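Undergrad: Need coordinates for the below:
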Amino acid sequence: MMAFVAVLFSSCAPENRVFEKHQSLSPDVEWLKTDKKTFEVEINDPASTYQFNLAFRYANGYMWNEAKIIVEETSPSGMKKITPYTLKIREDNGDYIGEAGYDIWDSTHLVEPDYRYKEDGTYTYVLSHDMPRDEFPFAMEIGLIIDKN
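TA: This is a model prediction of the structure:
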């Protein structure tokens, strides 16, 4: 029975999914600048291109139109690259973007549609926010999703 449940849940991910992981932020429903989230991703086919997505879960009351996220990538050979991304959280009319679950919203943002890796091995990603205040209220979870094109 457990094998059936495992197959059922694993079949929900797209066939080309290389990586997907989400990390909770503070239980106080905020993200502090010092609370950096780390993800390790194994890349075995650097000749391919990838879709690089950031996932963001937030609660009703989120006050900004966007979320500013910094992604620090470290390659297997130690090369570092820092890239800022701006995720659109609200439509121009003020409506939240994403899938609603009562008062919680899940949004996925394609930030790099044709990302190329230079080498194979384990890449480390450190995600932090670059919002105006140290406390980033109503932020609940940040995630990284990578699909092979």
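Undergrad: Surely Ala67 and Pro84 touch.
TA: No - Ala67 sits out of contact with Pro84 when judged by CB atoms under 8 Å, with a separation of 11.2 Å. From N, CA and C alone the C-beta is placed, and that goes for glycine too.
Undergrad: what about these two, which has more around it?
TA: Ala67 (23 against 9; other CB atoms under 10 Å).
Undergrad: Please identify the helix or strand for the more buried one.
TA: Assigned by DSSP states H and E, Ala67 belongs to strand 66-74.
Undergrad: in that strand, what's buried?
TA: Applying a neighbour-count criterion of 16 or more other CB atoms under 10 Å, one finds 67, 69, 71, 73-74 buried in strand 66-74.
Undergrad: which SS class is Thr108?
TA: Taking DSSP: H, G, I helix; E, B strand; the rest coil as the rule, one finds Thr108 in the strand state.
Undergrad: From Gly94, how far off is it?
TA: Using CB to CB, to the nearest Å, Thr108 is found at 20 Å from Gly94.
Undergrad: Pick out whichever of those two has more residues nearby.
TA: Between Thr108 and Gly94, Thr108 has the larger neighbour count (other CB under 10 Å), namely 15 against 7.
Undergrad: these two touch, right, the more buried one and Asn53?
TA: Yes - between Thr108 and Asn53 a contact is recorded at 5.3 Å, counting by CB under 8 Å.
Undergrad: got any residues that touch both of these two?
TA: Ile145 (CB atoms under 8 Å, 6 or more residues apart in numbering).
Undergrad: residues touching Val71, list them.
TA: The neighbours of Val71, taking CB under 8 Å, 6+ apart as the test, are 54, 82-85, 125-127.
Undergrad: quick one: low-confidence parts of the chain?
TA: For the chain, the stretches with pLDDT under 70 are 1-12.
Undergrad: Just the helices from it, written as ranges.
TA: Assigned by DSSP state H, the chain shows helices spanning 2-10.
Undergrad: which residues touch Ile89?
TA: The contact partners of Ile89, taken as CB under 8 Å, 6+ apart, are 56, 58, 62, 64-67, 96-98, 107.
Undergrad: returning to that earlier point: between the buried residues of strand 66-74, which is closest to Lys33?
TA: Lys33 has its nearest neighbour among those in Ile69, at 11.7 Å by CB to CB.
Undergrad: Fine by me, we can end here.
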